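Asks: My questions are about this predicted structure, shown below with the sequence.
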Amino acid sequence: MRGAGNQLSESRGRREHWDIVPLGSLAEFRNGVNFTKESFGKGIKVINVKDFHDRFRPDFGDLGEINPEGVIRDADLLHEGDIIFVRSNGNRELIGRSLFITKAADPVTHSAFTIRARLLGTDVFPLFYAYLLRSQIVRQALSAYGGGTNINNLNQTILASLPVPKPPLEVQQRIASTLSAFDELIDNNTRRIKILEEMAQALYREWFVYFRFPGHEKVRLVDSPVANVPKGWEIRNIGEVVETLGGGTPSTRNPEYWNSSDVIWFTPSDLTAAGTMFIQTSGKKISNLGLEKSSARLFPPYSVMMTSRATIGVVAINTKEACTNQGFITCIPNENVSAYQIYFWMLENKEKIIGIASGATYKEINRTEFRELPIVVADKNTNGSFTANLSPICKQIEVLQMKTDNLRRTRDLLLPKLVSGEIDVEAASE
């Protein structure tokens, strides 16, 4: 990895007293534990590849658990300050991604598809190296092992030989403090968004599941083909109420379809990586010509996209005009049902939606079958009242998400410049 080392050591503006050393001189490594499906249950929390994505710290509340008997030893437990890497995975883009381990209330271990790095010595600050190892400089260095694209497999030898800067301890601490200030704001926003989403989901249930909307005491329930509903309401097939669209992919053999940033084009991985109610843009974009030459169709802002194959039932609302690949069903809201009602209806009925999926190679939802799923449609006045009550909550979620996205972009622009010494941390904090 000589080229990667040169890139690190020759970063413009790097402080002359920053040594470049192999990571193996600062840390020791350990692979995660092997376990089988039979091990899952209750016992000890475990970090798997699915827990990485774009997170910096794990969400301990979302981790799966395994029975530790005969599987876990004390050496397999994670400590505060450890850094976990994805070692191998079918998705090569995930290999080399890392998580920084904060203090957990309960013991936590990690799977065999990951590697743990534990920083040693009093002159290294683990949080600084957690940020450094997420920087584009290091990602490019690791990619050198994958033929210049993505790394095929990560191991302890690769990590140990990775050249990294070693600034003075106080500089490490200042850089980590500067970057963690962004993450504290991001974490705070994320917690607020989660609370607001729970409030919105609860409001949806009150009105459309339990029928406890304002004034419901004066409205009697009447028979319908599916269930009793308030008088003036209906239960109809979703395909009768809204337009539903599929998607498409332009030919990858024609660069004219892709050498552009004209059209937002979502893939399921965009939604799974974001994990948010609202999504602004996609990882890849297509040209207007590519849109014209494919089965992808543009839909307006504030439509509701749902992944319909492989990973099923991930839902998001686009904030700009967009299209998708063929792994989606998109619903276009109207005066009968708002985007917010459709969004929370999909979340409420996720298991039912997954249940209609079929396929031998991978599960997929047939759009014809999806269109037959029932949805409650309120009378015009109640529908308008529901939207008026829910909109302020959802708009606050959207604003917080935009602020969070801006914080992430700023942090990610600042990170490589700080950890390489291109920007003096004191100047960056002024």
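Replies: Structure's in. What do you need?
Asks: Could you measure from the nearest residue to Asn153 once chain neighbours are set aside over to Pro107?
Replies: Leaving aside its sequence neighbours, Asn153 sits nearest to Ser88 (Cβ to Cβ, 6 or more residues apart in numbering; 5.0 Å). C-beta here means a position set from N, CA and C on the backbone, and glycine is covered the same way. For Ser88, the distance to Pro107 (Cβ to Cβ, to the nearest Å) stands at 24 Å.
Asks: So between those two, which is more surrounded?
Replies: Per other Cβ atoms under 10 Å, whichever of Ser88 and Pro107 has more neighbours is Ser88, with 17 against 14.
Asks: contacting residues around the more buried one?
Replies: Ser88 sits next to Ile95, Phe113, Asn153, Leu154 when contact means Cβ atoms under 8 Å, 6 or more residues apart in numbering.
Asks: Show me the chain divided up by domain.
Replies: Structural domains assigned to the chain are 2-167, 191-398, following automatic domain parsing.
Asks: where among these is the average confidence lowest?
Replies: Sorting the domains of the chain by mean pLDDT places domain 2-167 lowest, at a mean of 82.
Asks: Helix, strand, or coil at Arg134?
Replies: Going by DSSP: H, G, I helix; E, B strand; the rest coil, the secondary structure assigned to Arg134 is coil.
Asks: Am I right that it is in contact with Ser98?
Replies: Yes - here Arg134 reaches Ser98: they are 5.8 Å apart, a contact under Cβ atoms under 8 Å.
Asks: quick revisit: quick one, which of the domains of the chain is nearest to Leu415?
Replies: With Cβ to Cβ as the criterion, Leu415 lies closest to domain 2-167 of those, at 5.3 Å.
Asks: and the spatially most central residue of the chain, what are its phi and psi?
Replies: Geometric centre of the chain, nearest residue: Ala273, 2.8 Å, by Cα atoms, centre = their mean. Per-residue torsions, Ala273: phi -70, psi -40 (degrees, to the nearest 10).
Asks: Ile235 versus the nearest residue to Glu234 once chain neighbours are set aside, what's the distance?
Replies: With sequence-adjacent residues excluded and distances taken as Cβ to Cβ, 6+ apart, Glu234 is closest to Val377, at 4.8 Å. Distance, Val377 to Ile235, using Cβ to Cβ: 7 Å.
Asks: Check Leu179 too.
Replies: Separation of Leu179 from Ile235 (Cβ to Cβ) stands at 51 Å.
Asks: Equivalent analysis for Tyr204, please.
Replies: Distance, Tyr204 to Ile235, by Cβ to Cβ: 16 Å.
Asks: cool, and Ala322?
Replies: Distance of Ala322 to Ile235, given as Cβ to Cβ: 30 Å.
Asks: does Arg236 belong to a helix or a strand, and which?
Replies: Element membership for Arg236, per DSSP states H and E: strand 234-237.
Asks: Can you list the neighbours in contact with that strand?
Replies: Applying Cβ under 8 Å, 6+ apart, the external contacts of strand 234-237 come out as Ser224, Pro225, Val226, Ala227, Val229, Arg371, Glu372, Leu373, Pro374, Ile375, Val376, Val377.
Asks: who touches the very next helix or strand once past that strand?
Replies: Once strand 234-237 ends, the next helix or strand along the chain (criterion: DSSP H and E) is helix 238-241. Helix 238-241 is contacted from outside by 244, 331, 334, 336-337, 345, 370-375, 377, using Cβ under 8 Å, 6+ apart.
Asks: Please identify the buried residues of helix 238-241?
Replies: Residues of helix 238-241 classed as buried by neighbour count (16 or more other Cβ atoms under 10 Å): Ile238, Gly239, Val241.
Asks: Sheet partners, orientation included, of the helix or strand that comes right after that helix?
Replies: Of the helices and strands lying after helix 238-241 in sequence (DSSP H and E), the nearest is strand 243-245. Strands adjacent to strand 243-245 in the sheet, as given by DSSP bridges, are strand 328-332 (antiparallel).
Asks: All good on my end, thank you.
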